[in-house]
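In: Fold the following.
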Amino acid sequence: MADGAGKKIAEQKRPFHKGRGKGPPFVQIYHRITDSDEFGQLSGNALKLLLEVARQYRPGRNGDLSVPWSLLRDRGWRSQGTVADAKQELLERGWMIETRKGGKNKCSLYALTWYPIDASEKHQEPPTVTALDLWKSK
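Out: Reported below is the predicted structural model:
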């Protein structure tokens with residue numbers, strides 16, 4: 001078989017990509033965060049929950065993030081107590097803040113503190129222009 005024919009067959013097996021794909025969203029956590037001592041001191045459950053919350057983030061929605069048991073149960077969490085403890089750790093250490101207190105027929109809402117809080121009618125926290133970064137030195 002000639003060299004040209006072999007290349008043509010190999011090229012046909014590769015997918016043809018033109019431009020940037022429209023894949024699913026991704027979680028972006030800056031190196032300044034993951035390299036910090038504060039990040040390294042998080043418990044495994046708190047880190048896992050932080051990634052669950054960060055997975056929900058979209059520009060314009062920080063402050064409208066939630067940690068519903070119905071979602072977490074389907075994603076492998078086994079205990080509501082474990083979720084509550086991890087959530088409390090993230091709140092106490094400043095990785096997220098509660099923007100709306102849950103109650104009758106309303107879930108609690110949260111914001112990640114490494115992003116500015118976005119304006120929303122759903123929560124009580126005022127929007128911010130810069131990130132609060134409450135996790136630093138907690």
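In: Pass me the low-pLDDT residue ranges in the protein, would you?
Out: Flagging of the chain using pLDDT under 70 yields the residue ranges 1-23, 138.
In: Nearest the geometric middle of it, what residue?
Out: The structure's the chain has its C-alpha centroid closest to Ala54; by CA atoms, centre = their mean the separation is 0.7 Å.
In: The nearest residue to it once chain neighbours are set aside: which element?
Out: Closest residue in space to Ala54, ignoring its immediate chain neighbours: Val27 at 4.9 Å, by CB to CB, 6 or more residues apart in numbering. Yep, even glycine has a C-beta here, placed from its N, CA and C like the rest. Per DSSP states H and E: Val27 is located in neither a helix nor a strand.
In: just to revisit the earlier point, would you mind measuring from the residue nearest to the centre of the chain to Lys48?
Out: 11 Å (CB to CB, to the nearest Å).
In: List the buried residues in stretch 98-114.
Out: By neighbour count, with 16 or more other CB atoms under 10 Å as the criterion, the buried positions of stretch 98-114 are 98-100, 108-114.
In: How far off centre is it?
Out: Stretch 98-114 sits 15 Å away from the centroid of its parent chain (CA atoms, centre = their mean, to the nearest Å).
In: Same check on stretch 76-95?
Out: 14 Å.
In: Same check on stretch 94-113?
Out: 14 Å.
In: try stretch 113-132
Out: The chain centroid and the centroid of stretch 113-132 are separated by 15 Å under CA atoms, centre = their mean.
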